[in-house]
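**Q** below are the sequence and a predicted model for it; my questions follow.
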Amino acid sequence: MKVLVATEKPFARVAVDGIREVVEQAGYELALLEKYSSKGHLLEAVADVDALIIRSDNVDAEVLAAAKNLKIVVRAGAGYDNIDLASATAHNVVAMNTPGQNSNAVAELALGLMVMAVRNMYNGTSGTELKGKKLGIHAYGNVGRNVARIAKGFGMEIYAYDAYCPDEAMLNDGVTPLHSAEDLYATCDVISLHIPATAETKGSINYALLSKMPKGGLLVNTARKEVINEAELIQFMQERHDFRYVTDIMPAADQKMTELFESRYFATPKKMGAQTAEANINAGIAAAKQIVDFFQNGNTRFQVN
Ligand code: 3PG
């Protein structure tokens, strides 16, 4: 049995060591393809593997067709919008994610970006504090919950909107549930995005929604760039000089936005929310264990297709 770790953005070494230990203890072989520069390298590397561990790497129909022996692909992380699920199913490949394993890392970065934004990108001018501000968590999943826990320590007033999460789960965490995105954006000074990229959410953060935000509003995106209607965000920021946007997923118009919005806009050079040793260890080793459990016991608990 051959397991390939294909990560354009590599895990910390210590996480790869942990994955190797799990894979080799099961009697399987581990192959590594890190920092690859072209899809051709991935197509070549998957040709003879039985299992695949990826991060944001694209596993599309072409990759699945090239992976003749593949039985399982595990996205070491939460979002699986980078896997063509229909094609995986058509090729009899089980697709899984590792929910919750990297959420604290992403949540910590969300709060880090918030502090950076309200301190004017650390440019030395007088900023504001998060204490007493209203935080709106858009989607209350694993990352949203961690954001709530940390933001409580900052003394923020916390609200959340999640169409799929019962009010009780929020109330138990001391979070006030709201029942529409419009309500959340109208209520909160800071919005932290934690929605997945789906057909329903793509482009959903648009001019109309952003217009609801109060003066001095801040949008923090550690989720996906596809959920933002970029043209409308730019239009909105051109009109609303008080509004700030900080993101861990660089927009296509990064250069233009940097020029236009100076200290009101920031994007990390490469998505780094889950880029910690701890998150890599948690998600990477969980992925390896899920693969072994799938082959040895047929466990499909985290299957998403
Ligand atoms: C996720 O969906 O788990 C996060 O966006 C992290 O993605 P990454 O593994 O590419 O850092």
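**A** Everything's here; your move.

**Q** which residues in the stretch 51-200 of the chain form helices?
**A** Taking DSSP state H, counting those that start in this stretch as the test, the helices found in the stretch 51-200 of the chain are 61-66, 85-90, 103-118, 142-153, 167-172, 181-187.

**Q** can you redo these as a markdown table with mean pLDDT and mean neighbour count?
**A** Using the backbone N, CA and C atoms, a C-beta is placed for each residue, glycine as well. Formatted as a markdown table, these follow (pLDDT from 0 to 100; neighbours: other Cβ atoms under 10 Å):
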| stretch | mean pLDDT | mean neighbour count |
| --- | --- | --- |
| helix 61-66 | 98 | 18 |
| helix 85-90 | 98 | 16 |
| helix 103-118 | 98 | 21 |
| helix 142-153 | 98 | 21 |
| helix 167-172 | 98 | 14 |
| helix 181-187 | 98 | 19 |
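
**Q** select, out of those, the one closest to the ligand.
**A** With Cβ to the nearest ligand atom, the closest approach to the ligand among the helices of the stretch 51-200 of the chain belongs to helix 103-118: 6.2 Å.

**Q** ok, residues contacting that closest one?
**A** When contacts are defined by Cβ atoms under 8 Å, 6 or more residues apart in numbering, helix 103-118 is touched by residues 78, 122, 127-130, 141-143, 145-147, 149-151, 154, 190, 192, 218, 220, 222, 244, 246-248, 266, 272-276, 278-279.

**Q** among those, name the buried ones.
**A** Burial by neighbour count, 16 or more other Cβ atoms under 10 Å: within those this picks out 78, 130, 141-143, 145-147, 150-151, 154, 190, 192, 218, 220, 222, 244, 246-248, 266, 273-276, 278-279.

**Q** tell me, what's the model's pLDDT at residue 140?
**A** For residue 140, the pLDDT comes out at 98.

**Q** shouldn't it be in contact with residue 160?
**A** Yes - in terms of Cβ atoms under 8 Å, residue 140 counts as a neighbour of residue 160; the distance is 4.4 Å.

**Q** so which of these two has more stuff around it?
**A** Of the pair residue 140 and residue 160, residue 160 is the one with more neighbours under other Cβ atoms under 10 Å, namely 27 against 24.

**Q** quickly note the distance from the residue of the chain found nearest the ligand to residue 53.
**A** Among the residues of the chain, residue 77 lies nearest to the ligand; the distance is 2.5 Å by Cβ to the nearest ligand atom. According to Cβ to Cβ, to the nearest Å, residue 77 and residue 53 sit 10 Å apart.

**Q** tell me the secondary structure at the residue nearest to residue 6 when sequence neighbours are not counted.
**A** Using Cβ to Cβ, 6 or more residues apart in numbering and skipping residues adjacent in sequence, the residue nearest residue 6 is residue 33, 4.5 Å away. Under DSSP: H, G, I helix; E, B strand; the rest coil, residue 33 falls in the strand class.

**Q** heads up, I number from 47, so please use that
**A** Happy to do that; since the first residue is 47 now, the last one works out to residue 79.

**Q** so what pLDDT did residue 79 get?
**A** 98.

**Q** residues contacting it?
**A** 50-53, 87-88, 91.

**Q** burial of the nearest residue to residue 263 once chain neighbours are set aside, as a residue count?
**A** Ranked by Cβ to Cβ, 6+ apart and with sequence neighbours excluded, the top spatial neighbour of residue 263 is residue 289, at 5.1 Å. Neighbourhood size, residue 289 [other Cβ under 10 Å]: 22.

**Q** may I ask you to confirm that residue 289 is in contact with residue 260?
**A** No - counting by Cβ under 8 Å, residue 289 does not reach residue 260; the two are 9.9 Å apart.

**Q** how far away is the closest residue to residue 134 other than its chain neighbours from residue 63?
**A** Closest residue to residue 134 apart from its sequence neighbours, by Cβ to Cβ, 6+ apart: residue 141 at 4.6 Å. To residue 63, residue 141 is 25 Å away according to Cβ to Cβ.

**Q** of those two, which one has the most company?
**A** Shown here are residue 141 and residue 63; by other Cβ under 10 Å, residue 141 has more neighbours (23 against 13).

**Q** which positions in the stretch 47-196 of the chain make contact with the ligand?
**A** 55, 101-102, 123-125, 148 (Cβ under 6 Å from any ligand atom).

**Q** how does it look with 8 Å?
**A** Those residues of the stretch 47-196 of the chain that sit near the ligand, judged by Cβ under 8 Å from any ligand atom, are 53, 55, 101-102, 121-126, 143, 148, 152.

**Q** which ones among the buried ones among the contacts of helix 149-164 lie within strands?
**A** Using DSSP state E, the subset of the buried ones among the contacts of helix 149-164 located in strands is 236, 238, 264, 266, 290, 292-293, 312.

**Q** contacts only, for the residue of the chain closest to the ligand.
**A** Contacts of residue 123 (Cβ under 8 Å, 6+ apart): 101-102, 143-144, 147-148, 320, 329.
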